[in-house]
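S.K.: What would the 3D arrangement of this be:
(chains A and B)
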Amino acid sequence: MITASSAFALACLMLLVGALSPLILVQHRRAAAYVGHYIAAFAMIPAAAAGWMCLTGPEMDLFLFSTPLFGDVGVRIDDLSAFFVLLIAFVTVAVSIYAPRYVLSYAGSRNYVALTALYDLFILSMLLVVTMDNAFGFILAWEFMSLISYFFVAFNHKKEENVRAGFLYLVMTHISTAFIMVAFLLLGSQAGGITFAEMSAGAADFTGEFKSMIFALILVGFGIKAGVIPLHLWLPEAHPAAPSHISALMSGVMIKTAIYGIIRVLFDILGADNFWWGIILLAVGAVSAVLGVMYALMEHDLKRLLAFHSVENIGIILLGVGAAAIYMPSGMIAPALLALVAGLLHTMNHAIFKTLLFLGAGSIIYSAGTRDIEKLGGLAKAMPYTAALFFIGSAAISALPPLNGFLSEWLTLQALLAGTAAPDMISRLAVPAAAAALAITGGFAATCFVKAYGITFLGRRRDTAAAQPREVPASMIGAMGLLAAACIAIGLVPGIGIGLTGGVAKETLSQALVMNNDQSATGSEKLKAGDSSSREGALLFSSAPIKVDYLSLSLRPVGTQPSQQARGANNATTTISPLLIAGLISFLFVVIYIFARSRGRKFTKDPKERLMTPWACGLPALAPKMQYSAGAFTKPLRVIFSGIYRPQREVRINCSDPEEPYVIQGIHYHSSFSPVYEIFLYRPVSKALIFAGNLFGRLETGSIHIYLSYIFVTLIFILVVSVWK
Amino acid sequence: MEVTSILQAFQVIGPLLQGLLLIFLAPLCIGILSKIRARAQGRRGAALIQPYRNIRKNLSKESLVTDGSTWIFKIVPVLIFSIYASIALSIPFLIDNALVGSEGEILTIVFLLALARFLITTAALDTGTSFGGLGASREMSLTSLTEPATILSVFAIALVSGTTSLAGIVADISARSIFDLGAPHVLAFFALFIVLIMETGRIPVDNPTTHLELTMIHEAMVLEYSGWRLALIEWGVALKLAIYITLLISIFLPWGIATQVTLMSVFLSLIWFMFKASILLGVVGTLEAMLAKLRIFRVPDLIGTAMMLAILAVVTVYIGLG
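M.R.: Residues are numbered from 1 along each chain as shown, chains lettered A, B, ... in the order given. A predicted model of the protein is given here:
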């Protein structure tokens, strides 16, 4: 009988072996790349098995090592951890299948050894981040993960911009670690123990102010890693710099570990008993979602565009998590469950479609050699499979039915709708505002992906000088196909997604509930009460708001105000069935296509449809230049929102002779925009830093005597202070 | 005995017939609008059934395919028509349930309309012409701005009725008296009416009767379509208009809807529906005749108005005017 802990240990060992394998196979280029990545894929089988066992069965504990200062460090997989383990496992399988061919073409030099070895270690560190039971182990794994990802960002260090991006990432991620570390140290010293269970047990004695302070620290710390605006500065720089399959992992799962951290601390340790935290999360989520997608619209670098969409989707996830945190303190358990399910489901969905899209971007770089949308075009002819799969990803991220993005955004909207019954006016006003933000985000995301897909894959090739792109190898297509199939399956069969997230959300919320219900109990008593929490939880959730069979999803009415219920508003359930919708549309599609096509053919005998060239406005032929460019496509929004974008443009007309202004030799057009957060947040901070630096710079005279006297003065000062005390 | 079995059969095919009726009545909406406009301009105008003639003519014609386009260009007209048709099958407007009850959920309909928009703009870019990009860019930019107004209106309605399911809303509203509906419904109605003008591309936002005018939106996207594909697109445009009109009627003015399926009640319900639909179309047509097209960058102001109305609709529910 394989236990969950042995399976998990096996997965970790396999990843370590995988990390060593390219070092052994250093002479065999191809073998190193294949073996290193495929071991990671196979290691995911026991990892997923461990996750599945913990999700369906009891929690798992695995002792790792003991430290003199911080106690025993171990792995503990509860439902929440198991969910993230499964997520990491699934995404890793797809990326590992994709990676070998991509790595071989990307890393021309011998660096592929480092790239492959670090890949396995990166997966291992992410698995450990979401499973550590102890703040010390968590910080260790977290730092490990951050450092490895830094190597990926700075991997292509010949380009100066990548080095800059790597440095920025290193600085930001350490600020993040610092905040998290302070929060955990404070928690540990107050709770008298550094494991999460001890912190959670000690939380009863915390004051409200202390908890709010911890929440603020955690929000900044994890917010930087998650990439919420305005702390996202590193994200659009770092993701494009890393190799595409790594960008996929960073965007798909690494930034989700921050979501894990927020949920862990907010619900498990702090107990989510202050609705203001929820309001703040909701506000942060709404700002990130809207601004994230707005900046994505203006990006014409495919990977930067996708990176900004990660900011947007983290915002959408936080809308769900934040809504749950608003409802919990008000005792609205059913809506809170709905909201957390929506948040977790979107976490899962975003991991899948964003990985798909980043791998798609990688395929474009692989065969067309550029990620600048303005230089691409017409790729669907050359790479039909990649185009079709990228199309599915684009539709999924735009929340279009019947794909998975639709399901989670629909649930998020319904969860926000439920919040209109909150007892306090602030939540009741915040929630529709968040829904409006989500609505405009959806519209913009669709606009952005019409641009990203349409300009890249459709129309005519813009850069005719470059080599003709070819379709990518089958393994790369297969990996993307796996992810696209998951997008479709989760969208069509709501049972999959709700089944995976429902139990996790229930478990997490009942943990918080138990903590809040017996505030008077002491720590040790509470640990014991935790065992019976499942029973109590079952009682609370017997009236769960979501009912799902594999075909459809029903919501009980949760949005009704008490006054309306008294008046006798009806109790109709809200049901959707994506499979039925998709089935109906496909049926109608087939019938109408056959009917219309046969009618249209009545007068022609030709079996093939006639091709014709479109009218070129009187010119001899259509040139690729005449097509709408990505910049032109988003011009209306740039004009409408010029207050946010603050665009600058520069048009220079070159005339051969200043006397003859009508003989134009060339027109140079340049447009740029300055993001608001840079103007109002980062510029003042960096100015202040530079000012302080200059001030302190005056102390440095370069003379050894002065420095010695500094040391002397400091010694005297310390002596005086110590004597004083 | 026989009468009951016929009735039972009607229970099943009733909702189907209801949806099909909407699909086949849709071109008439366009006919009515053109007629109103022609009369207002002092012309006699084409016959009411002119849109049907156009569709019939185009349906029997060969459809040319743009050189260099992909499968998207070929399937999109059929796909978006299927999407509109499936929405039509899910709106209760004559009898109080629909064929696809589970789809008759406002948020899903909003998302399905977004899917259709995504597809047609992608197809427009597929042609690789400047006009396609022009139309797609404007369509996506402007309609994505209307989404918050739509969602907030839905919130206001759902707050009062307790559900986003259309059948639930119809049952709730039709059980009340018309004087029971307060400020939220009035405000949400006007917000959604502006959304209707926006989304169906009528004056003052877009002029559906122009081809090759530099201010066009929808026509620019479908410029390369011909033959039976064009017929499906034109029918789809009409169906989209009919869907919005029907949604407004079912959400805000459902009274007169048949709660039992008998021939008499359904007939009466149809008369009521035609009456309400003609009034709404009359308003749209009159506005078209009276107003000039807005500059494209003035349209966001109109959307802002819809947004404000929708916000007020939600707030008025809270302060108890619902």
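S.K.: Going by C-alpha atoms from here, please, whenever you check contacts or count neighbours.
M.R.: Will do.
S.K.: quick one: low-confidence parts of the stretch 201-322 of chain B?
M.R.: B:212, B:321-322 (pLDDT under 70).
S.K.: try 80 this time
M.R.: For the stretch 201-322 of chain B, applying pLDDT under 80 flags the ranges B:209-215, B:259-262, B:319-322.
S.K.: give me the residue from it nearest chain A.
M.R.: Residue of the stretch 201-322 of chain B nearest chain A, by CA to the nearest CA: residue B:228 (5.5 Å).
S.K.: how close does the nearest residue to that residue once chain neighbours are set aside sit to residue B:107?
M.R.: Using CA to CA, 6 or more residues apart in numbering or on different chains and skipping the chain neighbours, the partner closest in space to residue B:228 is residue B:59 (4.1 Å). Using CA to CA, to the nearest Å, residue B:59 is found at 33 Å from residue B:107.
S.K.: With neighbour numbers in mind, choose between the two.
M.R.: residue B:59 (25 against 21; other CA atoms under 10 Å in any protein chain shown).
S.K.: burial of residue B:319, as a residue count?
M.R.: Neighbours of residue B:319 using other CA under 10 Å come to 9.
S.K.: Give me the phi and psi angles of it.
M.R.: phi -80, psi 10 (degrees, to the nearest 10).
S.K.: For residue A:45, see how far away residue B:33 is.
M.R.: 62 Å.
S.K.: do the same with residue A:192
M.R.: From residue A:192 to residue A:45 the distance is 37 Å (CA to CA).
S.K.: on that earlier part again, what's the residue nearest to residue B:228 in contact with, if anything?
M.R.: A:596, A:599-600, B:227-232 (CA atoms under 8 Å, 6 or more residues apart in numbering or on different chains).
S.K.: Look up the closest residue to the residue of the stretch 151-300 of chain A found nearest chain B, ignoring the ones flanking it.
M.R.: Closest to chain B within the stretch 151-300 of chain A is residue A:297: 10.5 Å, counting by CA to the nearest CA. Of all residues not flanking residue A:297 in the chain, residue A:448 sits nearest, at 5.2 Å (CA to CA, 6+ apart).
S.K.: Can you check what pLDDT the model gives that neighbour?
M.R.: Looking at residue A:448, its pLDDT stands at 95.
S.K.: Where does it fall, secondary structure wise?
M.R.: Using DSSP states H and E, residue A:448 sits within helix A:425-457.
S.K.: cool, residue B:281 as well?
M.R.: Counting by DSSP H and E, residue B:281 is found in helix B:263-290.
S.K.: Show me which helix runs longest in the chain.
M.R.: I'll assume chain A. helix A:333-368 (DSSP state H).
S.K.: other chain: chain B
M.R.: helix B:2-40.
S.K.: list the buried ones in that one?
M.R.: The neighbour-count criterion (16 or more other CA atoms under 10 Å in any protein chain shown) identifies B:7, B:10-11, B:14-20, B:22-23, B:26-38, B:40 as the buried residues of helix B:2-40.
S.K.: Strands along the stretch 1-150 of chain B, start to end?
M.R.: B:65-66 (DSSP state E, counting those that start in this stretch).
S.K.: Low-confidence stretches in it?
M.R.: B:1-14, B:96-104.
S.K.: what about residue A:192 and residue A:45, which has more around it?
M.R.: Each of residue A:192 and residue A:45 has its neighbours counted (other CA under 10 Å); residue A:45 has more, 19 against 13.
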